[in-house]
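A.B. asks: Return atomic coordinates for the entry below.
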Amino acid sequence: MQAIPSYFQEAPLLQSERLILRAFKARDAADCVEISVYDGVSATTEEEALLILQRIWADCLRGESVHWGVCLKKDNKIIGNCGFYRGFKDNTGEIGYVLKTAHQGQGIMTEAICLVVDFGFKAMQLDKIVAYTGPENIASQKVLEKVGFKELERTSSELKLELTK
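C.D. replies: Have a look, this model is predicted:
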């Protein structure tokens with residue numbers, strides 16, 4: 001079965017009982033400073049967050065990423081991000097995510113990743129999804145394991161986990 005193109009005019013809206021995953025807007029930049037990272041460089045100002053969002057959007061337009069803002073339905077404000085990054089070689093998606101500190105430990109990212117994984121397998125017809133985290137990031141590992149990811153490789157600096165259809 002052929003996968004649909006990874007190019008989207010805008011990230012498709014995904015919803016769960018308490019979350020909305022939606023496309024970012026320029027007006028979201030102020031809410032994104034804490035969670036904006038590109039190539040390992042974090043934003044420290046609203047302007048830097050906007051530049052990072054623009055770089056990620058350019059990746060999306062090239063078909064290399066799909067990027068969602070994670071929002072609680074009650075207020076639709078950005079509290080995190082989640083998506084597929086670095087292209088889709090061999091019909092594989094690489095998932096990445098960040099959640100604001102105040103919202104961690106509430107199952108929000110587990111819920112968001114479930115939505116993104118389901119979209120990746122069903123709508124994009126990916127064959128597998130991988131995630132990378134630091135070996136010391138136990139919280140992230142637990143989130144991925146709850147969704148069904150299994151450890152594939154471990155080095156002193158990185159842990160690779162994988163989920164297949």
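A.B. asks: tell me which element Leu163 falls in.
C.D. replies: Assessed by DSSP states H and E, Leu163 sits inside strand 159-164.
A.B. asks: and the closest residue to Ile20 other than its chain neighbours, what are its bridge partners?
C.D. replies: Nearest residue to Ile20, sequence neighbours excluded (Cβ to Cβ, 6 or more residues apart in numbering): Cys71, at 4.6 Å. The way it works is simple: take the backbone N, C-alpha and C, and place the C-beta from them, glycine included. In this structure, Cys71 bridges to Ile20, Ile78 when assessed by DSSP bridges.
A.B. asks: Cys71 touches Asn81, doesn't it?
C.D. replies: No. Applying Cβ atoms under 8 Å as the test, Cys71 and Asn81 come out as separate, 10.2 Å apart.
A.B. asks: Identify the bridge partners of the residue nearest the centre of the chain.
C.D. replies: The residue lying closest to the centre of the chain (Cα atoms, centre = their mean) is Cys82, at 2.0 Å. Note on Cys82: beta-bridge partners by DSSP bridges are Trp68, Tyr97.
A.B. asks: Ramachandran coordinates for Lys150?
C.D. replies: Here is the backbone geometry of Lys150 (degrees, to the nearest 10): phi -120, psi 140.
A.B. asks: how close does it get to Glu17?
C.D. replies: 26 Å (Cβ to Cβ, to the nearest Å).
A.B. asks: quick one: which of the two has more around it?
C.D. replies: Lys150 (10 against 6; other Cβ atoms under 10 Å).
A.B. asks: what about the residue nearest to Leu51 when sequence neighbours are not counted, how many residues close to it?
C.D. replies: The shortest distance from Leu51 to any non-neighbouring residue, by Cβ to Cβ, 6+ apart, is to Ala43 (7.7 Å). Neighbours of Ala43 under the rule other Cβ under 10 Å: 20.
A.B. asks: dump the residue contacts of Ala43.
C.D. replies: With contacts defined as Cβ atoms under 8 Å, 6 or more residues apart in numbering, Ala43 is in contact with Cys32, Val33, Ser36, Val37, Ala49, Leu51, Ile52.
A.B. asks: My assumption is that the first one lies in a strand; please confirm.
C.D. replies: Translated: Cys32. No. Cys32 is assigned helix when assessed by DSSP: H, G, I helix; E, B strand; the rest coil, not a strand.
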